[in-house]
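just the structure for this:
(one chain, ligands or ions: 2)
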Amino acid sequence: MAKLIYEGKAKQMWSTDDPEVLRVVYMDQATALNGKKKDQINGKGIVNNEISSLIFQYLMKKGIETHFIKKLSETEELVKKVEIVPLEMVTRNVSAGHFATRFGVEEGICFETPVEETYYKSDELDDPFINESQSLALKIVKKEELDAMWDISRRVNEILTALFDRMGLILVDFKLEFGRLADGRIILADEISPDTSRLWDANGQHMDKDVFRRNIGDLVETYTEVLNLLENAK
Ligand code: ADP
Ligand code: UDP
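Ligands and ions are numbered 1, 2, ... in the order given. Coordinates of the predicted model:
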């Protein structure tokens, strides 16, 4: 029988008959400020599942190995079970969010070389910033794994920057998660959606979770617009 293995802030992970496969359920829940701001938002699960499935399929078509197996229903997908590396790998093409507040600069500075940051995935510790030597010292990840994760992140940045550009959107920043397969190989996991990235349109309008974080728009309407653009561009 299927067991609920984990319930996070946005998704549930269920076991399946195959020990190597998980069923993901995208929930109608939005959180910000590490869960301190929380809302039930009808329709969010459907639109995020659709966007993330399309993006993962697009990346796989471009040669990126991912956990994605298939979309099962409006809110569910099947994925390869991995041992998640507890690091959030953030790439920034343009200053925004915490980068802008931490360094006291405005949002919208375009970087010549993308900024790369890692955060230790820990709700109790509030996902602290962690550098390479810290993550190696704590044996969170091996050097070769970290190098592989950044190689894949850079490739994802190139592919998605071009894809979103065709949609008239700027890929400002995004977060990726990686996991180890049973044989130790590192693959891209979790989700890629407006929950985990920042997307601005040509007028600087926020087309991502900042509409929720900052109470400046309707989340499902905004994400549905991104989905429509994605369906035409992919
Ligand atoms: P959070 O844990 O940040 O609240 P979610 O609600 O999105 O996030 O929960 C999904 C959880 O499942 C995350 O902890 C994520 O790291 C993990 N996960 C994502 N993909 C896989 C996978 N293929 N195998 C195992 N765990 C995964
Ligand atoms: N991000 C994420 N999960 C997190 C923290 C950040 O998906 O727990 C994404 C976020 O959506 C943005 C990027 O990582 O696209 C950079 O986020 P930032 O550090 O600016 O923090 P935020 O302002 O999003 O809390």
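
what residues does this structure put near ligand 2?
Residues of the chain found near ligand 2, taking C-beta under 6 Å from any ligand atom as the criterion, are 88, 90, 97-99, 127, 173-175, 196-198, 209. Where you see a C-beta, it was placed from the backbone N, CA and C, and this is true even at glycine.

which of those are buried?
88, 90, 97, 99, 127, 173, 174, 175, 196, 197, 198, 209 (16 or more other C-beta atoms under 10 Å).

give me phi/psi at the fifth one?
When you say that, I think you mean residue 127. Backbone torsions of residue 127, given as degrees, to the nearest 10, read phi 50, psi 70.

OK, contacts around it?
Applying C-beta atoms under 8 Å, 6 or more residues apart in numbering to residue 127 gives the contacts 34, 88, 119, 120, 121.

how close does the closest residue in space to the last one that isn't next to it in sequence get to residue 208?
Same thing as residue 121. Take residue 121 and drop its neighbours on the chain: the residue closest to it by C-beta to C-beta, 6 or more residues apart in numbering is residue 86, 4.0 Å away. Between residue 86 and residue 208 the distance is 24 Å, computed by C-beta to C-beta, to the nearest Å.

for residue 128, same thing?
23 Å.

likewise for residue 97?
For residue 97, the distance to residue 208 - C-beta to C-beta - is 10 Å.

make TSV out of the contacts of residue 127 and add distance to residue 222, pLDDT and secondary structure.
As requested, the contacts of residue 127 are exported to TSV (distance: C-beta to C-beta, whole Å; pLDDT from 0 to 100; DSSP: H, G, I helix; E, B strand; the rest coil):
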residue	distance to residue 222	pLDDT	secondary structure
34	22	80	coil
88	23	98	strand
119	25	98	strand
120	30	98	strand
121	26	97	coil
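
closest one to ligand 1 out of the residues you listed, please.
residue 121 (6.8 Å; C-beta to the nearest ligand atom).

residue 38 falls within a strand, correct?
Yes: under DSSP: H, G, I helix; E, B strand; the rest coil, residue 38 falls within a strand.

what about it, how many residues nearby?
11 (other C-beta atoms under 10 Å).

same check on residue 70?
10.

show me what counts as buried in whichever strand or helix holds it.
Assigned by DSSP states H and E, residue 70 falls within strand 68-71. Buried residues in strand 68-71, counted by 16+ other C-beta under 10 Å: 68, 69, 71.

closest to residue 190 out of those?
Using C-beta to C-beta, residue 68 comes nearest to residue 190 of those, at 10.3 Å.
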